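S.K.: Predicted model follows, preceded by the sequence.
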Amino acid sequence: MNLASVLREKLERRQALAVPGCHDALSARIIESAGFEAIQVSGFGLAGSLLARPDVGLVEMKDVLDHTWQIARAVHIPVMADIDTGGGNALNAADIATRLISMGVAGVTIEDQIFPKRCGHMEGKQVISAEEMAGKVRAMADARKAAGQDLVINARTDACAVYGLDEAIRRSNLYLEAGADMAFIDGIRTRADIERAVREIRGLLSVNLMDAVTGVKTELIPLPELARMGVARVSIPVASIMVAHRALKQFFEALRASETGILAGQTHWLSGFKEYTDFVGLGEYRKLENEYLPRAIVEEKYVTR
């Protein structure tokens, strides 16, 4: 079974599959090693890690696809891409879907915001017509069919913040009818709103807990409760970049404040050198050198002087 089919099977259980967001290949590997069963590329995280800018549509689609490919290569669990508004119109969205399938990506989220988009928990969002978004979804579904492969299409609507929950539910059903596998109401606010959405949406529902700590616009609800409601996926998209920001900021502020320019003995700040190099596979790399390089070259590289 390919990874897209694996992801689809997990989502169809409607057991609130937790899908954290990563901002690069290393954070993806860390999330996988923690035991999560699927992962998503965080558009918010890419904007922060690549540009040190907010998630307001500044990352080029080529960079999104390049980094998504690197992330997909780094892990063995299903990866969901984030293509924002789809790179243009329905034809652009279909072409990107075809590329993602060829990269082995398991799923993709596309949203109905006007470009340039912004993070779903920011103010000032605008949305395109539901009919235009449905056309993008239909084109992506047709591209998937033409490729003869599976790809989970997650249709995100940001209409809740603009027009209210009634319109967000209407759009969700329209996108599911157009060929999406799952609807994602970003910025949905309360437990009651989520319960209503599960009842009225004719398909799988994804919700967003943002960072799993603060809630932001959506009420922070434990995963077991969301599973009992019948939510299919729970997105935790920004935690990786926010954790990295806090850790890096605190470490370098402490280093700069140190009178000696070192933090001798304060090992709580960082992983050990061997711990890190083992995690990223240095040992496996050395084994491959021994397997494929001439012995004389290996001995010369690693001779003790």
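M.R.: Yep, that arrived.
S.K.: low-scoring stretches of the stretch 1-150 of the chain, by residue?
M.R.: 120 (pLDDT under 70).
S.K.: Could you rerun that using 90?
M.R.: 1, 115-125 (pLDDT under 90).
S.K.: ranges for the helices of it?
M.R.: Assigned by DSSP state H, counting those that start in this stretch, the helices in the stretch 1-150 of the chain fall at 3-11, 25-33, 43-46, 61-74, 90-102, 130-147.
S.K.: can you check the stretch 151-300 of the chain too?
M.R.: Here the stretch 151-300 of the chain has its helices, by DSSP H, counting those that start in this stretch, at 159-163, 165-177, 191-200, 223-229, 239-257, 273-279, 282-292, 295-302.
S.K.: which outside residues touch the third one?
M.R.: Residues outside helix 191-200 that contact it (Cβ atoms under 8 Å, 6 or more residues apart in numbering) are 165, 168-169, 172-173, 185, 188, 205, 207, 219, 221, 225-226, 229-231. All C-beta spots, glycine's among them, are computed from the backbone N, C-alpha and C.
S.K.: what's the most distant pair in the residues you listed?
M.R.: Pairwise distances across the contacts of helix 191-200 (Cβ to Cβ) peak at 24.0 Å, for the pair 173 and 225.
S.K.: Compare the two (neighbour count), which wins?
M.R.: Neighbour totals were compared for residue 173 and residue 225, and residue 173 leads with 16 against 12 (other Cβ atoms under 10 Å).
S.K.: In this structure the more buried one contacts residue 185, no?
M.R.: No: counting by Cβ atoms under 8 Å, residue 173 does not reach residue 185; the two are 11.3 Å apart.
S.K.: Retrieve the pLDDT associated with residue 277.
M.R.: If you check residue 277, the pLDDT there is 96.
S.K.: Can you give me the distance of it to residue 241?
M.R.: According to Cβ to Cβ, to the nearest Å, residue 277 and residue 241 sit 23 Å apart.
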